[in-house]
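Provided below are the primary sequence and the corresponding predicted coordinates.
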Amino acid sequence: MLMGLGLGMDAMSVSAAVGVKWNGPHQKFRLGWHFGLFQFLMPCAGFALGKPLASILSTYGKYAAAALVFGLGAKMLWEVIRSHPGSIAEKVDDAEERALHKMGRDPTKGLSLVAISLATSLDALVVGFSLGIRSVSTYTWSHLLYDATIIGLITGLMALLGVNLGQRAGQVLGRPAEIAAALILMGLAVSFLLL
């Protein structure tokens, strides 16, 4: 659940920004469904890539996993510290997305939706990869599918919450939410070394 909360913060921030203008029932559903689906799929893809490397990295696997997740959390925290609130979400919403907003096109459709879903779930790919290289036998696909389902559901709900909160709430909660996400990921990395 903590991983789901940490990984869902970006989706919530982006959904809050998108929800200012595009907040109809279909748009809420599309954002919640796609963000949740991508957050489910990306840890699975990362685990599939990391698991074959686990036997090669068995001696150093937990250190590599901890370093990857801690580095991701530290990067998020650094970006929050050196920039203004909501900057991580704004980086996800790149120049193409801003152009679509100006033209009045709905970013919850087509390639725009796929792009923002992918961008907000890349950190879940890193987490899945690190779980794959962390251990050879103790963490199995059944564990991962359960965890990925929880992460996907939490992210989908957070995306729906983000749309409903809108831009103002996203700006008010943006910085503390991003700090919390970074600290959760860094704490998860430390737990890799202790467990």
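Sure, I can see it.

Show me which helix or strand of this protein is least confident by mean pLDDT.
When each helix and strand of the chain is scored by mean pLDDT, DSSP states H and E, helix 95-103 comes last, with a mean of 44.

What helices and strands are in contact with the next helix-or-strand element following it?
Heading C-terminal from helix 95-103, the first helix or strand you meet, by DSSP states H and E, is helix 110-134. Judged by 3 or more C-beta pairs under 8 Å, 6 or more residues apart in numbering; DSSP states H and E, the packing partners of helix 110-134 are helix 2-19, helix 25-54, helix 61-82, helix 87-92, helix 95-103, helix 141-194. Every residue, glycine included, has its C-beta placed from N, CA and C.

Spit out the contact partners of the closest residue in space to residue 145 that isn't next to it in sequence.
Closest residue to residue 145 apart from its sequence neighbours, by C-beta to C-beta, 6 or more residues apart in numbering: residue 44 at 7.3 Å. The contact partners of residue 44, by C-beta atoms under 8 Å, 6 or more residues apart in numbering, come to 128, 144-145, 148.

Which of the helices and strands packed on helix 110-134 comes out lowest on mean pLDDT?
Lowest mean pLDDT within these: helix 95-103, at a mean of 44.
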